[in-house]
Each structure stands twice: as structure tokens, then as C-alpha cells.
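# Provided below for reference: sequence and predicted model.
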Amino acid sequence: MLRIAICDDDRSDRERIHGYLSEYLEGKEIHAEVRVFDHPDKLIQECESFRPQVYLLDIVMPMLTGIQAARELRWNQPDAQIIFATSESSYALESFDVNPINYIVKPVAKDKLFSTLDLALSRVQADDKRSVTVKIKGGLCSLRLDDIMYIDYRNHVVSYHMADGEVVSTPTLRIGFSEYMDENHSSQDFIRCHESISVNLGAIDKLTKADITLRNKEEVPVSKSRYAEVADKYMDYRLE
């Protein structure tokens, strides 16, 4: 399901944007989970797990600006669509580094917001197509790449560990882990951090020489021989 977050410390602006968004979703017959926040700290804390595909952010807020909040969110969600709304047009240049898709000056006009949402959702739909089909016992299973935390290999079975804690496993294989990864995940989305573990680069929250903390708070080990390669690939991924 589509997930959208709104954050604005001004009640009237927050309600206006929420009202327009509800009208837009109803008109397009789109089902979405929308969460509304009045402070950027609450937004950042909750969205670590909620992970909206679209953010509607005010820029001028207490303690933490919308741009600063967007930088925090970008770290774990490089593909999220960010829309800024503010009464201060002078922030446009400063917001450039978080790659927003639009910058709407308040009071937000309905037609401007609707056209921006059209663009945001077209990009979300394109991103949602990034999935893999996995052979499981009794058939096939389609998994969104963004939901895969890591893949491991035990007793000739490959298991996909998902963000919600679900584990999806293949039947017993006749090939090794390296060959399986080469055949099924030849892209740059995963990196081997251990002889029997490959982690999704987009799922990494913290990397040390001993282990990786994933965004769902799970930890996986990093072998000494693989740390340098993992660190290099992780930095390349973040700087793309």
C-alpha cells in the first residue's frame, strides 16, 4: 500500500494539505496510509519503520527545519519522493541537496499540489516495479527489493529475511551460495558481508568492522576479509 507522511507545525496549513491530499487520493481511487505529524522529531522517529514513499514537508519548523529532517530521512530512504511546502521562498537553493521533486510556496494551491503528486506517484510506481521472483516450495514468490533486509544460506537453502520479520526460503539447492547470487542477484543491490550472508545495501543503517545494523534493527556479522569491500560499496551506494 502507498504510504504518505505530512509534517507541518502550523495546524491550518497541515489541515489544508491533508484535506487536499485526501481529495486527490479519493479522486484517483488510490488506497494509501497517510500519517500526519506536527513536529519533525516525531516524523523522523516514526518513519524509520513506517517508511513513506512520499513526504509533504513544511520547511520552517521549530528545532529542526524540514530540510534538515529531509536529510535525515534521505539517509535511509534515498528513493523517497520529497515535496516541500513553505511560505519562505528563500530556502529553495538550500533544499537542492535533498533532491525534492517540487517546492510549493504557501498557501498551497490545490492544482499545484495535485500535479506534483502525479509526478511523485509516477516515480513511486516505477520504483515499486523493482522486485525479484523467488522459487519457493510449491511455486514462486515475488518480493520487493526494498523489503529484503538480507539473504543467507544454510544447509543448501537460501532464505530471504524481510523487513517485517518474515522469512522466505527456497527449496534445497544443488548449487552454492555464490552461484545462486550470481544467477539471481547480479545487480549492485546486494553485497556479501559474510561467507553465507548477503545484505541489501539499501537496508543498512549502521556499519562497523564487526557487524551491520539494518533499518529493522536486526544485526548481521561482517567478516574481517569482507569489511573493506562492504564499506566501499556502501559509501558508493550512499553517494550515488
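Structure received.
# Break this structure into its domains for me.
With domains defined by automatic domain parsing, the chain comprises 2-128, 131-239.
# Residues contacting stretch 140-151, please?
The contact list for stretch 140-151, computed with C-beta atoms under 8 Å, 6 or more residues apart in numbering, reads 51, 79, 127-128, 130-135, 158-164, 168, 181, 185, 189-190, 197-200, 202-203, 214-216, 218, 220. Every residue, glycine included, has its C-beta placed from N, CA and C.
# again, only using 7 Å
Contacting residues not belonging to stretch 140-151 are listed as 128, 130-134, 158-163, 168, 189-190, 197-200, 202-203, 214, 216, 218, 220 [C-beta atoms under 7 Å, 6 or more residues apart in numbering].
# any idea which of the domains of the chain is most buried?
With neighbours defined as mean count of other C-beta atoms under 10 Å, the domains of the chain peak in mean count at domain 2-128, which reaches a mean of 17.
# So what's the gap between that one and the chain middle?
How far domain 2-128 lies from its chain's middle: 14 Å, per C-alpha atoms, centre = their mean, to the nearest Å.
# any idea how far V230 is from Y180?
19 Å (C-beta to C-beta, to the nearest Å).
# before we move on, what about E48?
According to C-beta to C-beta, E48 and V230 sit 22 Å apart.
# tell me how far the ends of stretch 185-198 are from each other?
Using C-alpha to C-alpha, to the nearest Å, the end-to-end distance of stretch 185-198 comes to 10 Å.
# what about it, average pLDDT?
Mean pLDDT, computed over stretch 185-198, is 91.
# Relative to Y180, how far out is the residue of the chain lying at maximal distance from its centre?
No residue in the chain sits farther from the centre than R174, which is 33.8 Å out by C-alpha atoms, centre = their mean. Counting by C-beta to C-beta, the gap from R174 to Y180 is 10 Å.
# what do you get for V134?
V134 is 11 Å from Y180, where distance means C-beta to C-beta.
# quick one on the thing from earlier: do you know how far the residue farthest from the centre of the chain is from V167?
From R174 across to V167, the span is 21 Å (C-beta to C-beta).
# now do S142
For S142 relative to V167 (C-beta to C-beta), the value is 16 Å.
# before we move on, what about D146?
From D146 across to V167, the span is 17 Å (C-beta to C-beta).
# Equivalent analysis for T65, please.
40 Å.
# before we move on, what about S178?
Taking C-beta to C-beta, one finds S178 at 21 Å from V167.
# Over to E229?
Counting by C-beta to C-beta, the gap from E229 to V167 is 26 Å.
# And L113, by the same measure?
In terms of C-beta to C-beta, L113 sits 40 Å off from V167.
# Next: D211.
Per C-beta to C-beta, D211 is found 19 Å from V167.
# Can you tell me the element the residue nearest to L56 when sequence neighbours are not counted falls in?
On the basis of C-beta to C-beta, 6 or more residues apart in numbering, the spatially nearest residue to L56 that is not a chain neighbour turns out to be I6, at 4.6 Å. Using DSSP states H and E, I6 falls within strand 2-7.
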